[in-house]
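A.B. asks: I need the structure of the sequence given here:
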Amino acid sequence: MAMLIKLFLGFITSKILVFYVGAEGIALFGNFRDFMSSAQAFSTLGLYNGLVKYVSEFKTKIKQLTHMLSTIFYIWIASTFLVIMIILLKADWFSLKLFNTNIYASELKLFALTLPLFALNYFFTGILNGYKRFKLLIILNISGHFLGAVLLITLVYFNNLKGALTALAISEASVVFITLGVLFYDRRFVKLLKFKNIRFKVLKKILPFSLMALLSALLIPLITLFVRDYITDHVSLEAAGFWEAMNRISRYYLMFVTSLLSLYILPKFAEINSNSAFKKEVFSFYKLIMPLFILGLVIIYFLRSYIVVILYNNTFQPVEDLFFWQLLGDLFKVMSLVLSFQFLAKRMFWEYVITEILSVGCLYFASMYFVNHFGVEGANMAHCVNYIFYFVLVVFVFRKTLF
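C.D. replies: Next up, the predicted model:
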């Protein structure tokens, strides 16, 4: 039900965006979203997965839990303040880089001012995830998507692209008030957050999580921005909008699997202490979930013309040509992610860094090559080639455990 609600809200917001900002506006909307993802990751130092892992591990050990939560909380305050100052001081420069104009600097500044609310919400949802409070997490998640959709529809109606960017800037922070309402009735976590409980030895444990997540937070949005700009320069801004439209469709159906991975697989892997248990969990996921996912991808492919018209309109028909390579790439992406979560769960720092850099490098060069030869469809071909390559890499890393 949670996923269906998200899909319905995604459908509504896509139609609204298409009507008011068109394909070009959707491309710029994607640029802003990628920038936000990087800034949010740096404000929280990429520690969310580490937070989930150690809450799951220390939930019965109050002293260790207190030290870990207090340390992460106050580090987040300092890092969030630093990111805010950078965005506020350089808003015009960021606007020029993202939109080729500085008229959207005010939206960037607004986003910076909402970062503390985002970080606070992210912190407490990480705690709830570690405690496996899945029902509560799902309710908060739905509330966030609903509030975001209402903001987007309202603001884009009154102010077109500027309204859409304003809604995006504040939507993820708005759900913090719901989270705070929940915590008002369950204050045990707040009582643990004391400055005197900071322990710098905790940093040694969580630093690998931070570096791993920051690597992804920096590289993935940057490469996405590069591909979008490369399509704009070598094909057209409209084609970049079509590519972004395909990415939005991809995010909709991937919600089912990625939500399951982040809510269940990461805490589960954190608790597993044997290779046999890890192998059992991985193959159980492949046997139970992947057949359903593959069936869903096949259905999506054959209904792609209807999906494009329903989500967007007839002017977006070129998006239909992008489905095959995107769907095939997403199949290997999900199969890879199941294994790569073990990097985070067990702090496999160098394995994560090396495979991530190789993957991003593959995507970078493949995108240039295929876009030059096949136009916008080449970007989706590069996506497919990259995730086949990445799947082979992670299987190689875990070959002894799996086989």
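
A.B. asks: elements contacting the helix or strand hosting residue 54?
C.D. replies: Assigned by DSSP states H and E, residue 54 belongs to helix 48-58. Counting contacts by 3 or more Cβ pairs under 8 Å, 6 or more residues apart in numbering; DSSP states H and E, helix 48-58 packs against helix 62-89, helix 105-130, helix 201-234, helix 266-271, helix 323-345. The way it works is simple: take the backbone N, C-alpha and C, and place the C-beta from them, glycine included.

A.B. asks: In a markdown table: the ones you listed, plus mean neighbour count, mean pLDDT and distance to residue 15.
C.D. replies: Shown next, in a markdown table, are the helices and strands packed on helix 48-58 (neighbours: other Cβ atoms under 10 Å; pLDDT from 0 to 100; distance: least, Cβ to Cβ, whole Å):
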| stretch | mean neighbour count | mean pLDDT | distance to residue 15 |
| --- | --- | --- | --- |
| helix 62-89 | 18 | 89 | 31 |
| helix 105-130 | 21 | 88 | 22 |
| helix 201-234 | 18 | 82 | 22 |
| helix 266-271 | 19 | 70 | 33 |
| helix 323-345 | 21 | 89 | 19 |
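
A.B. asks: Quick check: mean pLDDT of the helix or strand containing residue 368?
C.D. replies: Assessed by DSSP H and E, residue 368 sits inside helix 349-374. Here helix 349-374 scores 92 as its mean pLDDT.

A.B. asks: Could you do stretch 242-257 as well?
C.D. replies: Across stretch 242-257, the average pLDDT comes to 87.

A.B. asks: Pull out the buried positions in that stretch.
C.D. replies: Going by neighbour count (16 or more other Cβ atoms under 10 Å), the buried part of stretch 242-257 is 242-250, 252-257.

A.B. asks: still on that earlier bit, next, the angle helix 323-345 makes with the helix holding residue 54.
C.D. replies: Relative orientation of helix 48-58 versus helix 323-345 (axes from the mean of the first three to the mean of the last three Cα atoms, to 10 degrees): 50 degrees.

A.B. asks: where does helix 48-58 sit relative to the chain's centre, distance-wise?
C.D. replies: 18 Å (Cα atoms, centre = their mean, to the nearest Å).

A.B. asks: Check stretch 63-79 too.
C.D. replies: Taking mean C-alpha positions (Cα atoms, centre = their mean), stretch 63-79 and its chain are 23 Å apart.

A.B. asks: List the contacts of that stretch.
C.D. replies: Contact partners of stretch 63-79, identified using Cβ atoms under 8 Å, 6 or more residues apart in numbering, comprise 42-45, 47, 50-51, 54-55, 58-59, 116, 119, 123, 127, 189, 192-195, 197-200, 202-203, 205-206.

A.B. asks: 7 Å instead?
C.D. replies: Residues from elsewhere that reach stretch 63-79 (Cβ atoms under 7 Å, 6 or more residues apart in numbering): 42-45, 47, 51, 54-55, 58-59, 119, 123, 192-195, 197-199, 202-203, 206.

A.B. asks: Can you check what angle separates the helix holding residue 368 from helix 201-234?
C.D. replies: Comparing the axes of helix 349-374 and helix 201-234 via the same axes, to 10 degrees yields an angle of 10 degrees.

A.B. asks: Could you list the buried residues of helix 349-374?
C.D. replies: So helix 349-374, judged by 16+ other Cβ under 10 Å, has buried residues 349, 351-352, 355-356, 359-360, 362-364, 366-368, 370-371.

A.B. asks: which among the contacts of stretch 63-79 end up buried?
C.D. replies: If we count by 16+ other Cβ under 10 Å, the contacts of stretch 63-79 have these buried: 42-45, 47, 51, 54-55, 58, 119, 123, 192-193, 197-198, 202, 206.

A.B. asks: Go through the helices and strands packed on helix 48-58 and name the closest to residue 27.
C.D. replies: helix 201-234 (6.1 Å; Cβ to Cβ).

A.B. asks: Which helix or strand lies directly C-terminal to that closest one?
C.D. replies: Next along the chain from helix 201-234, counting by DSSP H and E, comes helix 237-260.

A.B. asks: got TSV for the helices and strands packed on helix 48-58, with distance to residue 295 too?
C.D. replies: Below are the helices and strands packed on helix 48-58 laid out as TSV (distance: least, Cβ to Cβ, whole Å):
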stretch	distance to residue 295
helix 62-89	40
helix 105-130	28
helix 201-234	28
helix 266-271	24
helix 323-345	11
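
A.B. asks: Among these, which comes closest to residue 3?
C.D. replies: Smallest distance to residue 3 across the helices and strands packed on helix 48-58 (Cβ to Cβ): 14.7 Å, for helix 323-345.

A.B. asks: Distance from the chain centre to the closest one, please.
C.D. replies: 13 Å.

A.B. asks: going forward can the numbers begin at 10, since that is how I track them
C.D. replies: Right, with 10 as the first residue, what we last looked at is helix 332-354.

A.B. asks: Now for residue 16: which residues touch it?
C.D. replies: residue 261.

A.B. asks: Where does it fall, secondary structure wise?
C.D. replies: Counting by DSSP H and E, residue 16 is part of helix 11-52.

A.B. asks: Next, the angle from that helix to helix 71-98.
C.D. replies: Using the same axes, to 10 degrees: helix 11-52 against helix 71-98 is 80 degrees.
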